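Chemist: Task: produce atomic coordinates for the following.
(2 chains)
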Amino acid sequence: MMCAWDKLMEIIPPRMREPVNRMGRDTMQEFRIRESFPPELVLQKSSHWLDDKCSREDIAFCLQSASRYSPWAADSLKKGYLTAPGGHRIGVCGQALYQKGQMMGIREPNSLCIRVARDFPGVGDRAPQEGSVLILGAPGWGKTTLLRDLIRQRSRTQAVAVVDERGELFPEGFDRGCRTDILQGCRKAEGVQQVLRTMGPACIAVDEITAGEDCAGLLQAVGCGVTLLATVHAASTEEFIRRPLYRSLADKGIFQWFLIMHPDKSYRAERRNAG
Amino acid sequence: MIRLLGAAMLVAGCGGFGFSLASAQRREARMLHRLISVLQEMEWELKYRMTELPELCSLAADASGGSLRSVFRELGEKLRRREVLDISACFNDILERRNLPKYVRRNLKQLGACLGRFDLEGQVQGLEAVRCQCRQDLARLQENGPQRMRNYQILALCAGAALAILFI
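Modeler: Predicted structure coming up:
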């Protein structure tokens, strides 16, 4: 198992580092900070609360340090999250700020959810090694971890282009495989077209399809003869097929394999020929 | 002989004071000039590369010299080590420990108050505002600058001579 734990420690307020390091180093999945409440360590099978209450300054420290004190380099805050060095994703809640109908950011953030990025090489050994694969699961069930390993495995035999909009798939220190090209911070629909035109991939991987334009981009890519690795938020194939957002993907049957995640982070493979 | 020596020391002491005043002014003007060009480079870095603040400070340190270099270098190091809770307070603390001319210190404080607080557009505007203030201060310093410096030196020498006449 690989984890950029030191990077995580750097973004946690100094006074909380010692207890978090002691209790969460091996098993912490999330670290939650809420203003005026004690910080919560979400471990594999339980939660643990630290003693001191969190202040607004603690939250500001986390965000500043995760963005390397550079708000201009943290554009994703407009979407309510930030990817910290080490690939740890920080979800942010607070007062949303709108300008001309568009969310511009979050004023006075009062809650953070820091999800610890961990890499488990070999977790995808049982997964199909050919064809397009869609990973389904609820948040926190290990979709991204499995996708990361599938990318690595595919890259042993073919060129894999990864469109990593959130910059959390292969942070510094994670093995990415020898034939993996990563386009980071680019919107998925746009990125898929770009890598298709410029990188000559045999396989394209994207994490978390969440918009209609992402689906359209993937459909176009499949028409060009590449295979796909992707993840979606859905607990089962039925749920995936039912959701209007994914109708086009389901109807066209572009994925030959569904990997359905379970809450304990295990998965089963299901073969599909068409939608 | 001793009286002559005393008179010479008085004149030299007062003259030295005048010359050091003039030299301090020249140093301040030089630093403001350097600060303006550093701020300009920071703006370009931000606009065209969206460079992150710790790296931006290191680049500013490389582009400047003397006290300015050490100020930017120390801030960059602290940011890199993620020791900073409040950039403005940290920057002020760094400035407190350095002997900087008045205008330079004031402009650096203003810079510290705007660093890392805004999005790209806001940050560039903040740098522009500091640069503009530096220009005004530099113009103020350079207004009749050579004349004023000569006056300092002459006045100090004359004051020394007057004291020598009075006391010796």
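Chemist: Residue 130: what's it in contact with?
Modeler: As the question left the chain open, I've gone with chain A. Contact analysis of A:Glu130 by Cβ atoms under 8 Å, 6 or more residues apart in numbering or on different chains lists A:Thr227, A:Gln256. C-beta: built from backbone N, CA, C; applies to glycine.
Chemist: actually it's chain B I care about, not the one you picked
Modeler: B:Leu39, B:Asn107, B:Gln110, B:Leu111, B:Cys114.
Chemist: what's the neighbour count on the last one?
Modeler: A total of 17 residues lie near B:Cys114 under the criterion other Cβ atoms under 10 Å in any protein chain shown.
Chemist: again with the third one
Modeler: For B:Gln110, the count of nearby residues is 15 (other Cβ under 10 Å).
Chemist: Could you do the first one as well?
Modeler: The number of residues packed near B:Leu39 is 25, by other Cβ under 10 Å.
Chemist: Please name the residues that touch B:Arg26.
Modeler: Neighbour list for B:Arg26: B:Met149 [criterion: Cβ under 8 Å, 6+ apart].
Chemist: Check for me that it belongs to a strand.
Modeler: No. B:Arg26 sits outside any strand when classified using DSSP: H, G, I helix; E, B strand; the rest coil, being helix.
Chemist: Isn't A:Gly80 up against A:Gly91?
Modeler: Yes. The pair A:Gly80 and A:Gly91 qualifies as a contact (Cβ atoms under 8 Å) at a distance of 6.5 Å.
Chemist: so where's the chain shaky on pLDDT?
Modeler: Since no chain was named, I'll use chain A. Along chain A, the parts satisfying pLDDT under 70 run over A:273-275.
Chemist: ah, I was thinking of chain B
Modeler: Residues of chain B meeting the criterion pLDDT under 70: B:168.
Chemist: What residues does it have near chain A?
Modeler: B:46, B:50-54, B:56, B:79, B:82, B:84-85, B:87, B:115-120, B:123 (Cβ under 8 Å from any Cβ of the partner chain).
Chemist: ok, now which ones touch the most centrally placed residue in chain B?
Modeler: Residue closest to the mean C-alpha point of chain B, counted by Cα atoms, centre = their mean, is B:Val104 at 3.4 Å. Contact analysis of B:Val104 by Cβ under 8 Å, 6+ apart lists B:Glu28, B:Met31, B:Leu32, B:Leu35, B:Leu68.
Chemist: One more: B:Phe17?
Modeler: Contacts for B:Phe17 (Cβ under 8 Å, 6+ apart) come out as B:Ala156.
Chemist: and if we set it to 10 Å?
Modeler: Shown in contact with B:Phe17 (Cβ atoms under 10 Å, 6 or more residues apart in numbering or on different chains): B:Tyr152, B:Gln153, B:Leu155, B:Ala156, B:Leu157, B:Ala159, B:Gly160.
Chemist: quick check, nearest of those to A:Ile106?
Modeler: B:Tyr152 (54.6 Å; Cβ to Cβ).
Chemist: That closest one against B:Ser20, yeah?
Modeler: Yes. With contact defined as Cβ atoms under 10 Å, B:Tyr152 counts as touching B:Ser20 (9.1 Å).
Chemist: Provide the partner residues of the residue nearest to A:Ile209 when sequence neighbours are not counted in its beta bridges.
Modeler: Leaving aside its chain neighbours, A:Ile209 sits nearest to A:Val232 (5.1 Å; criterion: Cβ to Cβ, 6 or more residues apart in numbering or on different chains). A:Val232 forms beta bridges with A:Leu136, as assigned by DSSP bridges.
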